[in-house]
Structure formats: structure tokens, C-alpha cells
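Enquirer: The sequence isn't on hand, but the structure is:
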């Protein structure tokens, strides 16, 4: 079993994907840089967790887009 993400991480990640749908990719490093530019006040740990969850969500979305 993996680590469980908090509701805060999930909520922020989903809202960022809704606001900037074309900015994020399936690469963690690029998502981490984008999150660092967008968010100012959160801690480094929270930003990394958000970037990781965004990467996870984008990987889940990519097979669905290919099927269409």
C-alpha cells in the first residue's frame, strides 16, 4: 500500500488542473517547476506532494485520452 494523500493535497491539485489543464504533463520534474511558479506560500513538502499527485492524475488521464 502506498502513502495516503490528504484532502488538502487532492483539492489543490484538482483545482490547479482545472485552472491550467494544458500546463501539466506526466513528468514529475516539469510539474514540480510549474507548481513552484504558481504557488508562493506553501512549504516545499506540500508543493512536492501536489506535483506528485498532479503527475499521478495526468498519468491516469493519458490512457483515457488515447482511447477516445
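Expert: The structure has been received and is ready for your questions. For clarity, every value in this text was computed on a predicted model and none was experimentally measured.
Enquirer: Past the host helix or strand of residue 33, which element shows up next along the chain?
Expert: Using DSSP states H and E, residue 33 sits within helix 28-38. Note on helix 28-38: by DSSP H and E, the next helix or strand toward the C-terminus is helix 44-67.
Enquirer: dump the residue contacts of the residue nearest in space to the middle of the chain.
Expert: What sits nearest the mean C-alpha location of the chain, by CA atoms, centre = their mean, is residue 54, with 1.7 Å. Applying CB atoms under 8 Å, 6 or more residues apart in numbering, we find residue 54 in contact with 13, 16-17, 24, 31, 35. All C-beta spots, glycine's among them, are computed from the backbone N, C-alpha and C.
Enquirer: Please apply the same query to residue 34.
Expert: 20, 23-24, 51.
Enquirer: Between those residues, which sits nearest residue 4?
Expert: The closest of the contacts of residue 34 to residue 4 turns out to be residue 51 (CB to CB; 17.1 Å).
Enquirer: pLDDT at the residue nearest to the centre of the chain, what is it?
Expert: Residue 54 is assigned a predicted lDDT (pLDDT) of 97.
Enquirer: i'd like the first residue to be 40 from this point on
Expert: Sure, I'll start counting at 40 from here, so that last one is residue 93.
Enquirer: All good on my end, thank you.
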